[in-house]
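*Asks:* need coordinates for the below:
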Amino acid sequence: MSCKELRRAGVLARVKSGELKLGNAAVMMGLSYRQTKRLAKRYREEGAKGLKHGSAGRESNRKKPGKFRERVLRLVGKKYSGEEGERFGPTLAAEHLASDDHVEVNAQTLRRWMLSEGLWSRARKRRMHRQRRERKEHVGELVQMDGSFHDCHLGPAAREIT
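*Replies:* Coordinates of the predicted model:
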């Protein structure tokens, strides 16, 4: 059971014992009075199990068949994987599966499948390099430099610095 369902079970147990009224329980659970009444009835009849969502633990209706998954992963393993630098990512592999093999599969679905089978590992995003500098002694102090190449300020000597 989820935390939400466990919390509801605790509140409804207090209602059942007479410690709490249904209206107050509805406010505590963030539900309407009618919905709380339905939940309380189901809790009385079935106990805490009655609060569990009916679809919990069941497979999704949108789940792809196992044979389809195996076929796609076999194609990816045979055609689109190799050494670390030569592997196709899930997006490119999904595009090639659609165009070359006429197999339509969502890139995110393929990504999950490839990760679970070890055919792909995500590359960590590298941080941009930032050069550290010492803090200035006074608040508001700023180093100002002239990066221009013309000699309007210092004359010809400015070119010698760069």
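*Asks:* switch to C-alpha atoms for all contacts and neighbour counts from now on
*Replies:* Noted.
*Asks:* how is this structure carved up into domains?
*Replies:* In terms of domains, the chain is parsed into 3-51, 66-117 (source: automatic domain parsing).
*Asks:* low-confidence bits of this protein, can you list those?
*Replies:* 82, 84-86, 146, 148-162 (pLDDT under 70).
*Asks:* excluding its backbone neighbours, what's nearest Arg111?
*Replies:* Pro90 (5.0 Å; Cα to Cα, 6 or more residues apart in numbering).
*Asks:* what's the distance between that neighbour and Arg44?
*Replies:* Noted for Pro90: a distance of 49 Å to Arg44, by Cα to Cα, to the nearest Å.
*Asks:* among these two, which residue is more densely surrounded?
*Replies:* Pro90 (24 against 13; other Cα atoms under 10 Å).
*Asks:* burial of Glu134, as a residue count?
*Replies:* Glu134: 5 neighbours (other Cα under 10 Å).
*Asks:* what about it, which SS state?
*Replies:* In the three-state summary, Glu134 is assigned as coil, counting by DSSP: H, G, I helix; E, B strand; the rest coil.
*Asks:* how many neighbours does Leu20 have?
*Replies:* Leu20: 14 neighbours (other Cα under 10 Å).
*Asks:* Arg124 now?
*Replies:* 6.
*Asks:* what helix or strand is it located in?
*Replies:* For Arg124, there is no helix or strand it lies in under DSSP states H and E.
*Asks:* just Thr109 next, same as before
*Replies:* helix 107-117.
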